[in-house]
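Undergrad: have a look; sequence and predicted model below, questions after that.
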Amino acid sequence: MINGKNIQLRLIQQKDLFLLYEKINDPGLRGDHLPAMLISEVQLQEMFVKTGFCNEESTRLLIVDLQDNLLGTMHFFKANTYSDAVELSFLIFSTLHRNKGYAAEAVTLICHYLFSHRRLNRIQLSMAVSNEGSRRVAEKCGFKLEGIARGSLFLAGKDVDMHIYSLLRDEWAKTANKEMM
């Protein structure tokens, strides 16, 4: 478990599967900036049994409040085959929990964890250019805009552009040292 001030990041447990199944299959909770996703209960259970949503290539964590109520998910995975970069994906399910700093705290926590415990130099975020909430999270957490991947996401029946943000180890180290002072 990775503990923060207002949230925790923790591995998914068997007891979480039913609620997670409901949340990830509700297109309304995914918002306007993520593609719709449907996954069967059997598929979800099989993925959990096979890896617990945690292996060398990919780890999915829950974002929970301090009372262990489900707020959303954090996912990190190898960004591409030729580098050691990791990409993050996050989602706060309820609009009632958005714009409260939970996503920024989750991104900060996972960046500290990854840079402290893994040999990697880069963490990146990709988001639809229309996703202002994720853009604010990226910038608040010290990520730098690198550019636009044109037409790289199929969303709501059309191809849309994505912003690519990154945070490098030395940039994180400067921020981490300031937080310790």
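TA: In hand now; what should we look at?
Undergrad: which stretches in the protein count as helices?
TA: For the chain, the helices defined by DSSP state H occupy 17-24, 27-30, 41-51, 102-117, 132-140, 169-180.
Undergrad: which among the ones you listed is found nearest to His163?
TA: Set against His163 and scored by CB to CB, those come closest in helix 132-140, at 6.5 Å. For the C-beta atoms, the positions are set from N, CA and C on the backbone; glycine is no exception.
Undergrad: would you mark the buried spots in the closest one?
TA: Across helix 132-140, burial judged by 16 or more other CB atoms under 10 Å covers 134-135, 137-138.
Undergrad: got it, and stretch 83-97?
TA: 86-93, 97.
Undergrad: and of those, the nearest to Arg122?
TA: Closest to Arg122, out of all of the buried residues of stretch 83-97 and judged by CB to CB, is Val86, at 7.4 Å.
Undergrad: just the buried residues of stretch 83-97: which has the poorest pLDDT?
TA: By pLDDT, His97 ranks lowest within these, coming in at 85.
Undergrad: pretty sure that one sits against Asn69.
TA: No: between His97 and Asn69 there is no contact, the gap being 9.2 Å when judged by CB atoms under 8 Å.
Undergrad: on that earlier part again, distance to Val64 and pLDDT added to the buried residues of helix 132-140, as TSV?
TA: Below are the buried residues of helix 132-140 laid out as TSV (distance: CB to CB, whole Å; pLDDT from 0 to 100):
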residue	distance to Val64	pLDDT
Ser134	20	94
Arg135	25	96
Val137	18	96
Ala138	22	97
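Undergrad: what's the most distant pair in those?
TA: Arg135 and Val137 (7.3 Å).
Undergrad: give me every residue that touches Leu62.
TA: 9-12, 16, 20, 70-74 (CB atoms under 8 Å, 6 or more residues apart in numbering).
Undergrad: in the sheet, who's paired with it?
TA: Arg10, Thr73 (DSSP bridges).
Undergrad: on that earlier part again, could I get the contacts of Leu62 as TSV with neighbour count, distance to Tyr165 and pLDDT?
TA: Listed next are these as TSV, based on neighbours: other CB atoms under 10 Å; distance: CB to CB, whole Å; pLDDT from 0 to 100:
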residue	neighbour count	distance to Tyr165	pLDDT
Leu9	21	20	97
Arg10	16	25	96
Leu11	14	26	96
Ile12	20	26	95
Asp16	18	29	93
Leu20	21	26	89
Leu70	18	26	93
Leu71	22	22	95
Gly72	21	19	94
Thr73	21	19	94
Met74	23	16	96
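Undergrad: which residue sits closest to Glu110 in space, ignoring its chain neighbours?
TA: Quick fix: residue 110 reads Ile, not Glu. Leaving aside its chain neighbours, Ile110 sits nearest to Met74 (5.6 Å; criterion: CB to CB, 6 or more residues apart in numbering).
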